[in-house]
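# A structural model of the following input is requested.
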Amino acid sequence: MIVIQNVSTSSPVRIRRQWMKRIEWGVLLGLMVLIYASHAPLITLSKIDGEVPFNPSSCVVMIEFAKLLISLVTLVLTGGTSTLHAPPSIAVVAPYAVPAVLYALNNNLVVLMQAYMDPSSFQVLSNLKIASTALLYSVCLGKRLRTAQWLALGLLMGAGVCHSYSNLDLGDSERTDTEEGLRLHITAWGLFLVLLYCCVSGMAAVYTERVLKSQKLPLSLQNLYLYVFGVAINGLSSSSSVASEKSFLEGYSGVVWAIIAGQAANGLLMSVVLKHGSGITRLFVISCSMLVNALLSWAILGLQLTPFFLLPVSMIGLAAYLYYT
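Predicted structure coming up:
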């Protein structure tokens, strides 16, 4: 009788806690989707005469610095500084340099690939990072995925390809023959670079998840280590770049600062997902965000949606059902 009574009284509490956790995760993931989706429209709104008025590398540095500052403030406010009784050892801090190096490498690969393929081909082929992340997630983290989950990830990648293909501006064949810059093209070197980009992207996500989960440290402290290296490496890359003639803060407007704030918030929220969830959830967030991005572009920028848009929507919905049920 006592056991039954305890179960009956604690069961509603447990159920309520489960629902609260689901609601919290729903709000967090929904916020991430909105921030991801708003990134491209905000960049478009920031353009002056069709050109980005700010130095992109300086923007990356400012995003990393904002994440570092927020992590430091959070660490102080939550009393996490009590864990720093002594300076951390190199063995503890060094692993956090790897993600910064990988993400910096990917940023440079994106720029380098433009010389070997057109942006539309990159947009389609970059969806291969879903496959690379899933494979690395399974191999490096030892996570066994069910057949239905592999099928779900295949649908997720297919949805990305369909959505990217629907956005291609193929134009008139005669016009693209005369205008070399508009013609779809990709070289063997470009194909190698995009495959490398997808592998590095997947490795960065999987490695970051492994580091965050393997060390029993406050998340704010782990973020602090991550973004110290992020600021240092991206700052070095920005200072050594001679490609841009713009000064560090030149062209910054309210929209640019909104981009920085949004991307900083998204980076911090993503660390929560990797710490307490999984990198696969990150893939679903990114895939859902491209659909919301299309809706925002339709509402804000007046871009047209076609009936083909419903296909990736259906594929992502089916993928989520297969993976999480």
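# Can you list the low-confidence ranges for this structure?
1-10, 84-85, 114, 119-120, 166-185, 240-245 (pLDDT under 70).
# all helices of it, in order?
With DSSP state H as the criterion, the chain has helices at 2-46, 56-77, 90-93, 97-113, 119-125, 129-140, 147-166, 173-178, 188-214, 219-240, 254-276, 279-296, 310-324.
# quick one, which of these is nearest to L303?
When these are compared by Cβ to Cβ, helix 279-296 sits nearest L303, at 7.6 Å. Any C-beta I mention is one placed from the backbone N, CA and C, and that applies to glycine too.
# for that closest one, packing partners?
In terms of contacts (3 or more Cβ pairs under 8 Å, 6 or more residues apart in numbering; DSSP states H and E), helix 279-296 is packed against helix 2-46, helix 129-140, helix 147-166, helix 188-214, helix 254-276, helix 310-324.
# hang on, the earlier thing: could you dump the helices of the chain to a markdown table with mean neighbour count and distance to L303?
Below are the helices of the chain laid out as a markdown table (neighbours: other Cβ atoms under 10 Å; distance: least, Cβ to Cβ, whole Å):
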| stretch | mean neighbour count | distance to L303 |
| --- | --- | --- |
| helix 2-46 | 13 | 9 |
| helix 56-77 | 20 | 23 |
| helix 90-93 | 11 | 45 |
| helix 97-113 | 17 | 23 |
| helix 119-125 | 18 | 15 |
| helix 129-140 | 20 | 24 |
| helix 147-166 | 19 | 12 |
| helix 173-178 | 10 | 21 |
| helix 188-214 | 19 | 25 |
| helix 219-240 | 20 | 31 |
| helix 254-276 | 18 | 18 |
| helix 279-296 | 20 | 8 |
| helix 310-324 | 17 | 15 |
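# ok so, going back, including distance to M290, could the helices and strands packed on helix 279-296 go into JSON lines?
Formatted as JSON lines, the helices and strands packed on helix 279-296 follow (distance: least, Cβ to Cβ, whole Å):
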{"stretch": "helix 2-46", "distance to M290": "7"}
{"stretch": "helix 129-140", "distance to M290": "12"}
{"stretch": "helix 147-166", "distance to M290": "6"}
{"stretch": "helix 188-214", "distance to M290": "15"}
{"stretch": "helix 254-276", "distance to M290": "14"}
{"stretch": "helix 310-324", "distance to M290": "8"}
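# so which of those gets nearest Y225?
helix 188-214 (9.1 Å).
# How far does that closest one sit from its chain's centre?
Chain-centre distance of helix 188-214: 12 Å, with Cα atoms, centre = their mean, to the nearest Å.
# and the angle for that helix with helix 129-140?
50 degrees (axes from the mean of the first three to the mean of the last three Cα atoms, to 10 degrees).
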